[in-house]
Structure formats: C-alpha cells, structure tokens
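Chemist: Turn this into a model:
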Amino acid sequence: MKTFGARLRHAMHHFGPLCVGIDPHPQLLAAWGLSEDAEGVEKFAEICVEAFDGTVALVKPQVAFFEAYGSAGIAVLERTVEVLRASGTLVLADAKRGDIGSTMDAYARTWLGDGPLGSDAVTVSPYLGFGSLAPALELAEANHRGLFVLAATSNPEGAQVQTARAADGRSIAQTMVDEAAARNAGHDFGSVGVVVGATLAEAPDLTALNGPILMPGIGAQGGGPGSVRDLVPESVLGAVVPNVSREVLREGPSVSALRARVSALQEDFAFLQR
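Modeler: Numbers count the residues shown, from 1 in each chain. Just a heads-up that it's a prediction; the model follows:
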C-alpha cells in the first residue's frame, strides 16, 4: 500500500487540492430543513457523501458534530467513513486528539486502526509535547495513514501558546512544524502534515516540511487564494490543502449546488497545482 502522503498527492493532482468538511452544525441542519438529531445528521452526511465522494482530494468529517448525538451520531460517522473509504475517497477525521501514553495509543487505534472509525488520517494536538504523539506517529507509519498536527491555528487564543518562544528562540508553532518535517525526511512527500490557519498574519517557515499543509479559514472566515499566497512560499504552494466547510455547505442541501461551489473553488485554487 502506498503511504498516505503519496495517496494524498495523487488525489490532489487528480481532483485538485481541496479538503471539504462535513460539519453537521445545528444551524446548517436547520438551514437544510433537517431535524437536529441523529436522523438529521445522517441525512446531512448522506447528501455530503453524494456531493463530494470521488470529486475532491480529501473529505473531513468534524467529529464533534457527530459525537454530540451520542452512539447514534457515532454510528452515522462510522457509516460515513466506511462509504467514503470504500469508494477510494480519502477521509481525514477532524478529531484533534492529544494525550499521553496508553490514552494516546487508544486514540491512535481508534482513528488510524482497522476499526469502524479508522480513517486515512486524523488531526492531532501536539501541545502536551510533540513526543506525546509517538503512538499515533508509529501507528500511522505502520498502517500507511497520516496525521495533521496543529501548528499555527487562526483562533486568537492560540497565539498565547503557539507564538511563545522555545529556549532556542523558535516559536512553539515553528518547533511543531520542524518536528513534523523530521518525520517526513526521506520521503518523496511525507504523511505528517501540519495545520496552519489561512487567516494568520504570519505563518511558520514551511519550506522544509515536505508534507501537506492543511489550511482552514478559507471562505466564510475570510481566507482565500490571496491569503494563501501571502503566507506560503511559492516553493511549497503545491503542498497546500485549502480546507473549506461553511463556504461550501451553505449551498446545500442541493447536491448540484454543493458540487458547483466545489468546482468554483477548485478553479480558484488551481494555481496551487501548477
């Protein structure tokens, strides 16, 4: 089996670089005329699967919006992941897990193993120390899966930690990028990506990452092609995976309208793959 990095790069070249979210937020459920319960979430997810399956490089279910409905919501998430992966669409579980020892190992087995929630990649938080991610890093490598490590997020609160300086003078966000880069060394395109907000005033140095750069904040949050160009050096633009959720999902529940918005955004970001 090819590594996640290799599979993602192939998908980006084939479909374009977009990652599209499946975020059954209560406001979106209402806007789509769906009930705010597991049944509504299931219908929402089914529409998204129909619209995005086989049309984008990466699909990112936001785990929290499924967890909110307990076991019934988790069952919907399991089916969503299963259907997408069975057709070959890459799935990024947006779970933002981060812990230590056996607990981190359990999170890794949940999202990167062969169980019902096993995905192609998962978002993780390194802010208990990058080394705490070791179980996830090891299992991802063994199972040809991927990680997206939170590095420089665009929420204002993140700066309190992420812009602090380590003893060697690097920002904490930069140390996370550098740690990810070390895991990608020796690969054509690594499987340890980072998350960098598209609305930041300044990003860490990404030139040595050699892996995917997930950039949320596109569209509804104010980011766009211009902000991506401003933040990312031209030499690594091809590694950028723009993450869009509300910008696309507000076009639902029409499958054709969702696909049309995705197509327009793929055109907007076509420059990333040139």
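
Chemist: Please tell me how far residue 269 sits from residue 47.
Modeler: Noted for residue 269: a distance of 23 Å to residue 47, by CB to CB, to the nearest Å. Placement of C-beta: from N, CA and C, glycine included.

Chemist: just checking, what's the longest helix in the protein?
Modeler: helix 70-86 (DSSP state H).

Chemist: from the middle of its chain, how far away would that helix be?
Modeler: Its chain's C-alpha centre lies 17 Å from the corresponding centre of helix 70-86 when counted by CA atoms, centre = their mean, to the nearest Å.

Chemist: what sits up against the helix or strand just after it?
Modeler: Next helix or strand after helix 70-86 toward the C-terminus (DSSP states H and E): strand 90-97. With contact meaning CB atoms under 8 Å, 6 or more residues apart in numbering, strand 90-97 is reached by 4, 7-8, 11, 19, 21, 57-63, 81, 84-85, 104, 107, 111, 117, 119-125, 136, 146, 148, 150, 214.

Chemist: tell me the angle strand 90-97 makes with helix 70-86.
Modeler: 140 degrees (axes from the mean of the first three to the mean of the last three CA atoms, to 10 degrees).

Chemist: In CSV, list the C-alpha atoms belonging to the next helix or strand after strand 90-97.
Modeler: Of the helices and strands lying after strand 90-97 in sequence (DSSP H and E), the nearest is helix 101-112. C-alpha atoms of helix 101-112 as CSV (Å, rounded to 0.1, in the frame of the first residue of the first chain):
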residue,chain,number,x,y,z
GLY,A,101,0.8,7.1,26.9
SER,A,102,-1.9,4.5,26.7
THR,A,103,-4.6,7.0,26.2
MET,A,104,-2.9,8.4,23.1
ASP,A,105,-2.4,4.8,22.0
ALA,A,106,-6.1,4.2,22.2
TYR,A,107,-6.9,7.4,20.3
ALA,A,108,-4.4,6.2,17.6
ARG,A,109,-6.0,2.8,17.3
THR,A,110,-9.5,4.4,17.1
TRP,A,111,-8.7,6.7,14.2
LEU,A,112,-5.8,5.0,12.5
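
Chemist: In helix 101-112, which residues are buried?
Modeler: Buried residues in helix 101-112, counted by 16 or more other CB atoms under 10 Å: 104-105, 107-112.

Chemist: For burial, what's the neighbour tally of residue 230?
Modeler: Neighbours of residue 230 under the rule other CB atoms under 10 Å: 13.

Chemist: For the helix or strand where it lies, which helices and strands make contact with it?
Modeler: Assessed by DSSP H and E, residue 230 sits inside helix 225-231. Judged by 3 or more CB pairs under 8 Å, 6 or more residues apart in numbering; DSSP states H and E, helix 225-231 is in contact with no other helix or strand.

Chemist: Could I get the buried residue list for that helix?
Modeler: 225, 227-228, 231.

Chemist: export those residues to CSV and tack on pLDDT and distance to residue 100?
Modeler: Formatted as CSV, the buried residues of helix 225-231 follow (pLDDT from 0 to 100; distance: CB to CB, whole Å):
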residue, pLDDT, distance to residue 100
225, 96, 39
227, 94, 35
228, 96, 34
231, 95, 31
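
Chemist: And those residues, which is closest to residue 132?
Modeler: Closest approach to residue 132 among the buried residues of helix 225-231 (CB to CB): residue 231, at 27.1 Å.

Chemist: For the spatially closest residue to the closest one that is not a sequence neighbour, which three-state class applies?
Modeler: Spatially, and ignoring its direct neighbours in sequence, residue 231 is nearest to residue 203 (4.3 Å; CB to CB, 6 or more residues apart in numbering). At residue 203 the chain is in coil, as set by DSSP: H, G, I helix; E, B strand; the rest coil.
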